[in-house]
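Novice: With the input below, show me the fold.
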Amino acid sequence: MWSVVKSVLSALLGVQNDLNRQQDFSSGKPAAFIVTGVVITLIFVLILIGIAVIASR
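Specialist: Take a look at the predicted model:
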């Protein structure tokens, strides 16, 4: 699970190397990466909304 989270975060930031990307595509299940990516994106958006709400007060 942590390897999927690490891989998704690395890909999100654009710092994942080619070897890790190839390992992800050969050994990982696509559903795990998709779900993790959606969850991380939602958390990121909620953090941004929270910052915007706090800053507007």
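Novice: Where does pLDDT dip in this protein?
Specialist: Low-confidence segments of the chain (pLDDT under 70): 28.
Novice: let's see it at 50
Specialist: Within the chain, no stretch has pLDDT under 50.
Novice: What residue in this structure is the furthest from its centre?
Specialist: For the chain, the largest distance from the centre (C-alpha atoms, centre = their mean) belongs to R57, which lies 29.6 Å off.
Novice: And whichever strand or helix holds I51, what's buried?
Specialist: For I51, the element it lies in under DSSP states H and E is helix 30-55. Applying a neighbour-count criterion of 16 or more other C-beta atoms under 10 Å, the buried positions in helix 30-55 are A32, F33, T36, G37. For glycine as for every other residue, the C-beta is placed from the backbone atoms N, C-alpha and C.
Novice: what sits against the first one?
Specialist: Going by C-beta atoms under 8 Å, 6 or more residues apart in numbering, A32 touches V4.
Novice: So for stretch 9-24, what gets flagged as buried?
Specialist: Those would be Q16, D24, for stretch 9-24 by 16+ other C-beta under 10 Å.
Novice: What's the end-to-end length of it?
Specialist: In stretch 9-24, first residue to last residue: 13 Å (C-alpha to C-alpha, to the nearest Å).
Novice: Count the residues that sit near S7.
Specialist: Using other C-beta atoms under 10 Å, S7 is surrounded by 20 other residues.
Novice: Could you pull up phi and psi at it?
Specialist: The phi/psi pair for S7 (degrees, to the nearest 10) reads phi -70, psi -40.
Novice: Could you measure from it over to N20?
Specialist: As judged by C-beta to C-beta, to the nearest Å, S7 and N20 stand 6 Å apart.
Novice: Over to I54?
Specialist: Going from I54 to N20 by C-beta to C-beta gives 35 Å.
Novice: circling back: how far does the helix holding I51 sit from its chain's centre?
Specialist: Distance of helix 30-55 from its chain centroid, counting by C-alpha atoms, centre = their mean, to the nearest Å, is 8 Å.
Novice: For burial, what's the neighbour tally of the residue nearest to I40 when sequence neighbours are not counted?
Specialist: Leaving out its chain neighbours, the residue that sits closest to I40 by C-beta to C-beta, 6 or more residues apart in numbering is V8, at 5.7 Å. When counting by other C-beta under 10 Å, one arrives at 22 neighbours for V8.
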